[in-house]
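[1] Build me a model:
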Amino acid sequence: MRSVVEAQLDPQMSARERTRRLRKALAKVEFWQDSNQRAARSHWKARCRELRRLGIKLSKLRKCFNVF
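    Alright, predicted model coming up:
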């Protein structure tokens, strides 16, 4: 996010250079969001496998909080 803000706030930068830097920053943000999403999914699947191995079925557990 810092690189996006820096690209937008630099008054001496040309419009072409600003656009190039914003696109580069956008690519980085998209990469890291995708990477984090894949990691979260992987950790969730690993946790579910571990719980199944221990004989715990998530569908049978009672919820201890209200879901909106």
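
[2] okay, now Leu61: neighbour count?
    9 (other Cβ atoms under 10 Å). Using the backbone N, CA and C atoms, a C-beta is placed for each residue, glycine as well.

[3] same question, Glu17
    Other residues near Glu17 number 12, with proximity taken as other Cβ under 10 Å.

[4] could you point out the longest helix in this protein?
    helix 15-53 (DSSP state H).

[5] quick one: the nearest residue to Lys57 once chain neighbours are set aside and Asp34, what's the gap?
    Leaving aside its sequence neighbours, Lys57 sits nearest to Leu51 (Cβ to Cβ, 6 or more residues apart in numbering; 7.9 Å). Distance of Leu51 to Asp34, computed by Cβ to Cβ, to the nearest Å: 26 Å.

[6] quick one, which of the two is more surrounded?
    Using other Cβ under 10 Å as the criterion, Leu51 and Asp34 rank with Leu51 on top: 13 against 10.

[7] does the more buried one really touch Ser59, like I thought?
    No. Applying Cβ atoms under 8 Å, one finds Leu51 not in contact with Ser59, separated by 10.9 Å.

[8] confidence score at the residue nearest the centre of the chain?
    Among the residues of the chain, the one closest to the centroid is Gln33, at 3.3 Å (Cα atoms, centre = their mean). If you check Gln33, the pLDDT there is 96.

[9] Quick check: it vs Met13, distance?
    Distance of Gln33 to Met13, computed by Cβ to Cβ: 25 Å.

[10] quick one: Lys63 from Gln12, how far?
    The gap separating Lys63 from Gln12 is 56 Å, by Cβ to Cβ.

[11] Any regions of the protein where pLDDT drops low?
    Counting by pLDDT under 70, the chain shows low-confidence ranges at 1, 3-4, 7-8, 66-68.

[12] Dihedrals phi and psi, Cys64?
    Phi and psi for Cys64, reported as degrees, to the nearest 10, are phi -110, psi 20.

[13] which SSE is the residue with the largest distance to the centre of the chain in?
    In the chain, the residue that sits farthest from the middle, by Cα atoms, centre = their mean, is Gln12; the gap is 32.2 Å. Under DSSP states H and E, no helix or strand contains Gln12.
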